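Participant: Provided below for reference: sequence and predicted model.
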Amino acid sequence: MRRPVIAGNWKMYKTLAETRAFFEAFKPLVVGTKKCDIVIAPPFTALAAAVEAAKGSSIAIAAQDAYWECEGAFTGEISMGMLLETGCRAVILGHSERRQYFGETDATVNRKLRAAVAAGLQPIVCVGERLEEREAGKTEEVLERQFSGGMAALTDAEFSRILIAYEPVWAIGTGRTATPEIAEEAQRFIRRLGAKKFGADGAATCRILYGGSVKPENIRGLMAQEDIDGALVGGASLDPRAFSEIVNY
Ligand code: 13P
């Protein structure tokens with residue numbers, strides 16, 4: 001039985017004051033929630049404030065990216081160790097917006113993933129096809145390339161501990177959610193890739209989240225699918241009430 005994970009990716013939203021106000025409103029709404037892990041990924045500047053504000057709850061704080069080197073002359077970058085120091089426990093890697101706007105590749109995702117695992121952070125690795133790739137019938141090819149390029153060199157044990165987020169790019173921020181069936185088909189395929197490379201046991205325990213226009217209205221249908229173990233939520237995670245409804249699906 002895989003424990004569900006509901007994660008919020010705040011992207012480039014929320015100041016320190018907005019972060020504190022969010023937690024003040026959100027914590028009481030999820031206080032009795034036992035059925036899933038809750039993760040929130042604020043921007044770097046709000047990580048420490050979010051860790052502080054989440055104290056006394058089971059909410060884990062994640063970063064949205066990090067660099068693979070421990071330290072050095074890498075202006076603008078943040079290391080895994082620096083994240084750990086804030087009290088952060090997880091890190092999103094390879095988000096499609098990083099791939100699209102900031103030159104992230106499967107090779108850089110792979111280096112970051114290995115650094116995150118070595119540092120003891122829980123990686124949330126994003127994969128997903130663009131609209132033109134889906135329309136050209138290339139979804140599985142893209143997922144296979146991202147999977148083998150991004151997850152290469154993990155051990156079986158490491159693979160079983162990472163989180164994967166399937167985020168079809170055409171469903172992100174568009175209001176156009178993948179149907180539960182479309183998401184399930186892709187996620188079943190990803191699990192099969194995991195089984196082929198890391199063995200059936202590792203693939204059976206690896207949690208695969210769906211992301212792309214997840215809302216309180218569609219979370220139940222998604223979570224009813226066999227291979228959907230949670231959600232990575234963008235826009236709807238900014239609102240304490242909407243996000244609590246997703247967490248308490
Ligand atoms: P939306 O939920 O806003 O579509 O964003 C999804 C996403 O990119 C989460 O990482």
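Facilitator: Thanks, I have the structure now.
Participant: Can I take it that Ile92 is in a strand?
Facilitator: Yes. Counting by DSSP: H, G, I helix; E, B strand; the rest coil, Ile92 falls inside a strand.
Participant: Pull the number of nearby residues for it.
Facilitator: By other C-beta atoms under 10 Å, 25 other residues sit near Ile92. Glycine gets a C-beta too; all of them are placed from N, C-alpha and C.
Participant: Tell me who's in contact with it.
Facilitator: Asn9, Ala41, Ala62, Ala63, Gln64, Asp65, Pro123, Ile124, Cys126, Ala165, Leu232 (C-beta atoms under 8 Å, 6 or more residues apart in numbering).
Participant: So which of the residues you listed is the closest to the ligand?
Facilitator: For the contacts of Ile92, the residue nearest the ligand by C-beta to the nearest ligand atom is Asn9; the value is 3.7 Å.
Participant: If the closest one is in a bridge, with which residues?
Facilitator: Ala41 (DSSP bridges).
Participant: which residues sit in contact with the residue of the chain at minimum distance from the ligand?
Facilitator: In the chain, the residue that lies nearest the ligand is Gly234 (2.2 Å; C-beta to the nearest ligand atom). Applying C-beta under 8 Å, 6+ apart to Gly234 gives the contacts Gly8, Asn9, Lys11, Ile172, Gly173, Gly211, Val214.
Participant: Ala165 in helix, strand or coil?
Facilitator: Using three-state DSSP, the secondary structure recorded for Ala165 is strand.
Participant: Only whichever of the contacts of Gly234 are buried, select them in ChimeraX.
Facilitator: Of the contacts of Gly234, the buried ones can be selected in ChimeraX as follows, counting by 16 or more other C-beta atoms under 10 Å:
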select :8,9,11,172,211,214
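Participant: Please convert the contacts of Gly234 to CSV, extending it with distance to Gly81 and secondary structure.
Facilitator: CSV is the format used below for the contacts of Gly234 (distance: C-beta to C-beta, whole Å; DSSP: H, G, I helix; E, B strand; the rest coil):
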residue, distance to Gly81, secondary structure
Gly8, 24, strand
Asn9, 22, strand
Lys11, 24, coil
Ile172, 30, coil
Gly173, 32, coil
Gly211, 27, strand
Val214, 31, coil
